[in-house]
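Undergrad: would you be able to build a 3D model of this:
(one chain, ligands or ions: 2)
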Amino acid sequence: MSYLTEILEPTDKNIEKAGKLLLSGEVVGIPTETVYGLAADATNPNAVSKIFIAKGRPQDNPLIVHIADISDIEKYAHDIPVIAYRLAEKFWPGPLTMVLPKNDIIPLTTSGGLDTVGLRFPSNIIARKIIKSAGRPLAAPSANISGKPSTTSAKHVFDDMNGKIPAIVDGGTCTVGVESTVISFDGDNVIVLRPGYISREDLLTVAENVIIDKGVTSELSPDTVAASPGMKYKHYSPKANIVIVDGEYSDFLNFFEKNYSDGVYAMIFGNETDIFPYPHLTYGETDAQQASELFEKLREADEIGATTVYVRCPSKDGIGLAVYNRLIRAAGFEVITL
Ligand code: AMP
Ligand code: MG
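TA: Ligands and ions are numbered 1, 2, ... in the order given. Take a look at the predicted model:
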């Protein structure tokens, strides 16, 4: 089925329209504070399967379920540890997803066959209004074609989803720019399955032990069972070959000089643009700015016809870990250390 994809301004009338589409089992592109989501009624396996088809997403990769009230956590999950409530109190609404044992109302289509569900209460007001209008929890993965960079504007969603979904609600550019922090629990320990804007350091203000799963920063061997199915897949990749180059600015410049040819670009930090003498993109100075610009710049690399992009390596602390985690996947784990 092909749709005439509408881009809707977030008026009350259009939010009601989005809610009705969702309730009737359709898929709608929605803004959140992290990235745009491809939303459907999380309790309706038919609707949810349309998300997998539109994205070309592997069916064992579970979808995050978005709620609009902290108390809804008990509708969709059980055996919730005390630490989860404490984290929800501190970080919800916001870009934190908690993996918990799922209730039967969440179908296996949504959970990718797992007996757990990732729950998130987003802070974006438009997202929350749409969830309330639909009157259902919304399963919403990032609104990109599987494998491509995530979408941080309605235009990105349109570029990937035109004709595949009936509507996109335009909430402007996403502020955070990388997907939510995904955590699970092992007793009182918090395990980070995917880093995001809520950093390990933030989580440590509530939890005593925060462990970064090894799949966050390294490639899992084919015989390892991934703690989070999303870790197994190549992700966030533009057509251009992305290579991370880890080293000081002067070494990076030397390296680039030797490797520069037609179609080769650098991706450097925002404050280096005036001094770097070769074709380049920039992606912010602070880790938060890098997070918010990363996907836009990876998409831009394709628009300008880059064949290879050598990227300055971000920091691996704080929000930088989220940026690094997305970049190493975009780079197919290719990192050159100078
Ligand atoms: P996306 O929907 O594109 O933001 O990706 C969601 C990420 O959360 C993927 O990496 C999933 O594997 C992960 N995730 C969602 N639900 C679960 C779950 N129940 N258990 C483990 N990981 C999950
Ligand atoms: Mg995604």
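
Undergrad: contacts and neighbour counts: CA atoms only from here.
TA: Fine.

Undergrad: taking the stretch 1-150 of the chain, what residue is nearest to ligand 1?
TA: residue 141 (3.0 Å; Cα to the nearest ligand atom).

Undergrad: what is the burial count for that residue?
TA: Using other Cα atoms under 10 Å, residue 141 has 26 other residues around it.

Undergrad: hang on, isn't it packed against residue 39?
TA: Yes. Counting by Cα atoms under 8 Å, residue 141 touches residue 39, with 7.2 Å between them.

Undergrad: show me the contacts for the closest residue to residue 23 other than its chain neighbours.
TA: Sequence neighbours aside, residue 134 is the residue nearest to residue 23 in space, at 5.5 Å (criterion: Cα to Cα, 6 or more residues apart in numbering). By Cα atoms under 8 Å, 6 or more residues apart in numbering, residue 134 lies in contact with 16, 18, 19, 20, 22, 23, 41.

Undergrad: just residue 147 next, same as before
TA: 233, 234, 235, 236, 237.

Undergrad: sec struct for it, please.
TA: Recorded secondary structure, residue 147: coil (DSSP: H, G, I helix; E, B strand; the rest coil).

Undergrad: that one and residue 230, how far apart?
TA: As judged by Cα to Cα, to the nearest Å, residue 147 and residue 230 stand 11 Å apart.

Undergrad: likewise residue 166?
TA: Distance from residue 166 to residue 230, by Cα to Cα: 26 Å.

Undergrad: what about this structure, any weak spots by pLDDT?
TA: Within the chain, the stretches with pLDDT under 70 are 1.

Undergrad: contact residues of it facing ligand 1?
TA: Neighbours of ligand 1 within the chain, by Cα under 6 Å from any ligand atom: 61-64, 99, 111, 116-118, 141-142, 179, 228-231.

Undergrad: if any of these are buried, give me the ChimeraX selection for them.
TA: The buried residues among these can be selected in ChimeraX (16 or more other Cα atoms under 10 Å) with this line:
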select :61,62,63,64,99,111,116,117,118,141,142,179,228,230,231
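
Undergrad: one step back: any idea how far the residue of the stretch 1-150 of the chain closest to ligand 1 lies from residue 114?
TA: Taken as Cα to Cα, the span from residue 141 to residue 114 is 16 Å.

Undergrad: give me phi/psi at residue 110?
TA: phi -70, psi -40 (degrees, to the nearest 10).

Undergrad: the residue positioned nearest the centre of the chain - nearest residue in space that isn't next to it in sequence?
TA: Nearest residue to the geometric centre of the chain (Cα atoms, centre = their mean): residue 179, 2.7 Å. Counting by Cα to Cα, 6+ apart, residue 34 is the residue found nearest to residue 179 once chain neighbours are left out, at 5.1 Å.

Undergrad: helix/strand/coil for that neighbour?
TA: For residue 34, the assignment made with three-state DSSP gives coil.

Undergrad: hang on, it packs against residue 174?
TA: Yes. Between residue 34 and residue 174 there is a contact under Cα under 8 Å: 5.9 Å.

Undergrad: overlap in contacts, these two.
TA: Contacts common to residue 34 and residue 174, judged by Cα under 8 Å, 6+ apart, are residue 152.

Undergrad: mind listing what residue 21 touches?
TA: 27, 28.

Undergrad: doesn't it belong to a helix?
TA: Yes. Counting by three-state DSSP, residue 21 is located in a helix.

Undergrad: distance check, it against residue 154.
TA: Applying Cα to Cα to residue 21 and residue 154 gives a distance of 18 Å.

Undergrad: and for residue 289?
TA: Taking Cα to Cα, one finds residue 289 at 19 Å from residue 154.

Undergrad: more neighbours: which of the two?
TA: Taking other Cα under 10 Å, residue 289 and residue 154 do not tie; residue 154 has more neighbours (23 against 19).

Undergrad: which one is that one nearest to, not counting chain neighbours?
TA: residue 170 (5.3 Å).

Undergrad: just confirm the one you found contacts residue 152, I think it does.
TA: No. Using Cα under 8 Å, residue 170 is not in contact with residue 152; the gap is 10.5 Å.

Undergrad: quick one, which of those two is more surrounded?
TA: It is residue 152, of residue 170 and residue 152, that has more neighbours when counted by other Cα under 10 Å, with 32 against 21.
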